[in-house]
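In: mind looking at a prediction? Sequence and model below.
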Amino acid sequence: MAAQEHVRCRGHPLVLSTHPTTFEVTVEEHLTENGNCIIGVAADKGCAGLSPEFKKALARDDAVLYTRLACDGVVAEVVSRGSAKMTLDHPTDMVWRKSTFVCGRTIGILSDRVALTLPRDLVKNLAAGKEMVVTLIVTHPGQGS
């Protein structure tokens, strides 16, 4: 393991989790129906709040990001990639993407899950406003991770 972080957030009654290409966790506390990619609100950090060690480990083209979403006994695991193009400087948001698009909000690219493909039991718990812990682990294959 190169680096690890934990993010605490909660769900919201308007968590729909229907976006086909991304999912997002945000520090913001409010959500509208247009935010169909947002699965967690009131997070204790956005990309900018990640440790310098974590950012350095993730901002590499060989980085693999393992994300564990745990909410009231339901767990979903997501595998994404890092990128040397990542700045990880957005103050409120973290976005996992199916594509290779990178901006300050991007924490994972080429993700194997998006909002639409997350377990519906997880989405149900989040829509009930329950707490979620997001565990982020970065590894670099071939380096004894």
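Out: That came through, no problem.
In: who are the contact partners of the spatially closest residue to Thr87 that is not a sequence neighbour?
Out: Residue nearest to Thr87 in three dimensions, not counting chain neighbours: Gly104, with 5.0 Å by C-beta to C-beta, 6 or more residues apart in numbering. C-beta here means a position set from N, CA and C on the backbone, and glycine is covered the same way. Residues near Gly104 by C-beta atoms under 8 Å, 6 or more residues apart in numbering: 47, 87-90.
In: Ile137 contacts Leu58, correct?
Out: No. In this structure Ile137 lies outside contact range of Leu58 using C-beta atoms under 8 Å: 10.2 Å.
In: what residues are shared contacts of these two?
Out: 3, 65.
In: out of these two, which sits in the busier spot?
Out: Taking neighbours as other C-beta atoms under 10 Å, Ile137 and Leu58 compare with Leu58 leading, 27 against 17.
In: the closest residue to the more buried one other than its chain neighbours: neighbour count?
Out: In space, and not counting its chain neighbours, Leu58 is closest to Gly82: 4.2 Å by C-beta to C-beta, 6+ apart. Gly82 has 27 neighbouring residues, counting by other C-beta under 10 Å.
In: now the strands: where do they sit in this structure?
Out: With DSSP state E as the criterion, the chain has strands at 3-10, 22-26, 38-40, 64-71, 74-81, 93-97, 106-108, 131-139.
In: any chance of these in TSV, plus distance to Asp121 and mean pLDDT?
Out: Listed next are these as TSV, based on distance: least, C-beta to C-beta, whole Å; pLDDT from 0 to 100:
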stretch	distance to Asp121	mean pLDDT
strand 3-10	16	98
strand 22-26	16	98
strand 38-40	13	98
strand 64-71	9	98
strand 74-81	5	98
strand 93-97	19	98
strand 106-108	22	98
strand 131-139	13	98
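In: chain neighbours aside, what residue packs nearest to Ala70?
Out: Val133 (4.9 Å).
In: again with Asp93
Out: Arg105 (4.3 Å).
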